[in-house]
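**Q** sharing a sequence plus its predicted fold:
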Amino acid sequence: MTGLSAAQVAERVSAGRTNEYRERTSRSAAQILRANVFTIFNAILGGALVLVLALGHWADALFGFVLLLNTATGTLAEIRAKRALDRLAVLESPRTVVLREGIETEVAVGEVVIDDVVRLSAGQQVPADGEVVTSDGLEIDESILTGESRPVRPDSGDQVMSGTTVTAGTGLFRTTAVGGDAYAHRLAREARRYSLVVSELQAGTNRVLHWISWVIVPVALVLVWSQLRLSGSIAEAWSSGAWRPAVVAGIAGVVSMVPQGLVLLTSVNFATASLALARRNVLVQELPAVEVLARVDTLCLDKTGTITTGRIRLGEVRGPDGAQAPPEVLSALALLSTVGETNATAEAIREGLGAQGLEETLAPAGVESVPFSSRRKWSAVRVDATTWVLGAPEIVLAGPGEDVLERARRIAAQGVRVVALARSHSPWTQIPGEDEPRLPGDLEAAGIVVLTEEIRPDAAETLAYFRQQGVDAKVISGDSPETVAAVARQAGVTAPDGGELVALDARTLPAGAGSGQETAVDLERLADAVEGASVLGRVTPEQKRALVRALKSRGHVVAMTGDGVNDALALKDADLGIAMGNGAPATKAVARLVLLKGEFSALPGVVAQGRRVMANTERIASLFLAKTIYASLIAVVVAATAVAYPFMPRQLTVVSSLTIGIPAFVLALAPSSQRYREGFLGRVLSLCVPAGIMAGTVTLATYLWLTLTHAPRAQVTTATTLVLITCGLWLLTLTARPLTSWRLGLVALMGAIAVLGVVAPPVRSFFLLAWPTPGVWWVIALMAGLAVGGIELVHLVRRRIVRGRG
């Protein structure tokens, strides 16, 4: 066999039939820019900015600077997060060995072409789909496809699939599908057809913004019309030029009603969380996904590759009587683990015995040995006139070792893997004409080797964390229920009632579960069956998907972890899919989060970021929407009563910046460990609506009081501005609670800047304000006191109502 020639390879490369395949990891910079720039509120504010500049009121265009700053901040934060995530997604290119023109050559996996003959060796991932040509003890772990942790042993002519892993032996296979046509990548493309993650924050925010977008334009038009009427009629306003200040007043009303920083700061919040997680090697494929894990109440864990590392380790070595194995047995095992091609069993034995100082035991030069073969299921070595045989219990212990064989079967029934050691004074025999040697006839049992799956070192601690947080963990696998239960016990999984942990056999689940066409009744029955189960075995990929759907039908927020192709369907339907970094492309394609280093312990960090995002977004949403409420109230009352609008755009810009813009940016990035509480939108509206009405009412009362007492226009504007700033700052203290030293300092700093704006003549002149007279100061103090008392009363009543419901 010579493989392809250089000309044949070049022909396939020019035809594009290579194994090169690139996956999309995030939105492009252009898509991020479009999403942040082309919004309905940016269009409204952009149009208002053009009008203000066209009318020559450049000082009132200050809100345009804030608009640009917000847009730039949101865009740059997302692009920065994107670049960090892209760097994480670009992993080192793996390499493989191909046979070309009779010579084995190492090439990048992407350089493999169709019809290439590829060498497979232990520890290698199969780079493409193909057909086995030769096999020498070849064993392949297909758990990534099937969920079964036991390896398969393909023969010549059998199919191997991309993404699976060679655990033992060596062989050659010819590629039949490469690149995007390979099975794993085909699944990845199909899996990408999914809906975006459901974000409670974004859904609630978008709903409110949708309502506001319908209100702003008609209110603005009515407001402009009312300001034009102040001159007598629209014609008179046009002829006298009074329409210009009327339009500017209308723009002031529009600017104050738009919650311009809310969406952008929410995006910045998500992007910052993604950036923090990227530093922990957690790839966030959708920014809102960091929020979802904070809401999860059910965590479904795939056993193989998630709770376990996918490797096996030496559990214990027993003598034939069940007692501790003697040293000579351990020495024989160490010797057998060095014979032939390395496989998972030999590696586990060698590493396990290393702690006993036996890892350096090597077969002496010239010693006779038989390497392990998946066909005969045993390996052997002869040293010092003794033949030691290691292999499957049913092969090695057949005959005189029946009682030991029965003991081995009972141990295996507990969910662990067992191999047997036997010895003989006779050598193995090679019959002429037979390919395989025969075992000695006088074998006697020498020991039982117990192998267990290697539990991730961080699994127990992480599962304990989720248990403390009230999250129900369910371990599901395609392995036998006994095996899954054994692994779950080692990982610290407990039964919901605190009793004995028993695995549910998925083959006993109600008919119809996993059919792909489950009815509501099927899902209800399935939910009843698995509600109290913590461990499920023999679960098919379709049943995993049905299990997720059944739990969601009961109102649970479900997260699903996995690494295999068999997990992709369930990850796709879960509220949050979490893939391991060494997982199949299809699995990582649908996952919202990818743990690049496979560290299960990274999940509590994701929860912490989700809580920070949830708590801080709730704070800033209350600030922005309260502003929209009081601005809308002021605009409607002014329009209805046909009085002059009390503010200029520049004055509302400083109110917004000091009470919302700057504080909201700081609060959005602050740490928070507050646990998730359902009902984000309800809590936000229950605070911002009454508080906004209170702030708007007091501000209007201040304006009417001073107007009716014929105070100068500058005094009226100054008083209403300071009262409104006081309302905003007190609302800030409510949303920032508990008032730590830095939060109290933030509120005090914003108040000091507001006072400075009145004290400093240049600033006062720019914002068209005046130093209040003693009488006006008394009005400001009285109305500000009423506002503070009213907003605090709203807070106390709201808190009592919330506690009563709880």
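**A** Thanks, I have it. Numbering: from 1, shown residues only.
**Q** the residue nearest the centre of the chain pairs with what?
**A** Among the residues of the chain, the one closest to the centroid is Leu593, at 3.0 Å (Cα atoms, centre = their mean). With DSSP bridges as the criterion, Leu593 is bridged to Val284, Ile578.
**Q** which residues touch it?
**A** Residues near Leu593 by Cβ atoms under 8 Å, 6 or more residues apart in numbering: Leu277, Val282, Leu283, Val284, Gln285, Ala289, Leu293, Leu576, Gly577, Ile578, Ala579, Val606. Heads up, the C-betas are built off the backbone N, CA and C, glycines and all.
**Q** so how many other residues sit close to the closest residue to the third one other than its chain neighbours?
**A** The reference is to Leu283. Spatial nearest neighbour of Leu283, chain neighbours left out: Val594 (4.0 Å); criterion: Cβ to Cβ, 6 or more residues apart in numbering. Using other Cβ atoms under 10 Å, Val594 has 24 other residues around it.
**Q** thought Leu576 was touching Val594, still the case?
**A** No. The pair Val594 / Leu576 is not scored as a contact, 11.9 Å apart, by Cβ atoms under 8 Å.
**Q** which residues in the stretch 1-150 of the chain form helices?
**A** 6-14, 29-37, 40-54, 62-89, 143-146 (DSSP state H, counting those that start in this stretch).
**Q** so of those helices, which one's packed in deepest?
**A** helix 143-146 (a mean of 24; mean count of other Cβ atoms under 10 Å).
**Q** next SSE after it?
**A** Downstream of helix 143-146, the first helix or strand assigned by DSSP states H and E is strand 159-160.
**Q** what's that following strand packed up against?
**A** Where contact means 3 or more Cβ pairs under 8 Å, 6 or more residues apart in numbering; DSSP states H and E, strand 159-160 is packed against strand 129-141.
**Q** which helices and strands sit right next to the strand it packs on?
**A** So strand 129-141, by 3+ Cβ pairs under 8 Å, 6+ apart, packs with strand 117-121, strand 159-160, strand 165-177, strand 368-373.
**Q** how does it look with 10 Å?
**A** With contacts taken as 3 or more Cβ pairs under 10 Å, 6 or more residues apart in numbering; DSSP states H and E, strand 129-141 sits against strand 117-121, strand 159-160, strand 165-177, helix 183-191, helix 344-354, strand 368-373.
**Q** chain center to the first one: distance?
**A** Strand 117-121 has its average C-alpha position 35 Å from the chain's average C-alpha position, going by Cα atoms, centre = their mean, to the nearest Å.
**Q** what about Pro457, distance to Ala491?
**A** Relative to Ala491, Pro457 is positioned 10 Å away (Cβ to Cβ, to the nearest Å).
**Q** who touches both of the two?
**A** Each of Phe600 lies in contact with both Pro457 and Ala491 under the rule Cβ atoms under 10 Å, 6 or more residues apart in numbering.
**Q** the more surrounded of the two?
**A** Remark: of Pro457 and Ala491, Ala491 carries more neighbours, 23 against 11, as counted by other Cβ under 10 Å.
**Q** out of everything not next to it in sequence, what's closest to that one?
**A** Ala459 (4.4 Å).
**Q** next: Arg438.
**A** Thr429 (4.9 Å).
**Q** ok, which stretches of the stretch 451-600 of the chain are helices?
**A** Along the stretch 451-600 of the chain, counting by DSSP H, counting those that start in this stretch, helices occupy 459-468, 481-490, 520-530, 541-553, 568-573, 585-590.
**Q** got JSON lines for those helices, with mean neighbour count, mean pLDDT and distance to Glu618 too?
**A** Output for the helices of the stretch 451-600 of the chain, formatted as JSON lines (neighbours: other Cβ atoms under 10 Å; pLDDT from 0 to 100; distance: least, Cβ to Cβ, whole Å):
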{"stretch": "helix 459-468", "mean neighbour count": "17", "mean pLDDT": "87", "distance to Glu618": "23"}
{"stretch": "helix 481-490", "mean neighbour count": "23", "mean pLDDT": "83", "distance to Glu618": "36"}
{"stretch": "helix 520-530", "mean neighbour count": "17", "mean pLDDT": "82", "distance to Glu618": "31"}
{"stretch": "helix 541-553", "mean neighbour count": "23", "mean pLDDT": "86", "distance to Glu618": "24"}
{"stretch": "helix 568-573", "mean neighbour count": "26", "mean pLDDT": "78", "distance to Glu618": "28"}
{"stretch": "helix 585-590", "mean neighbour count": "27", "mean pLDDT": "66", "distance to Glu618": "29"}
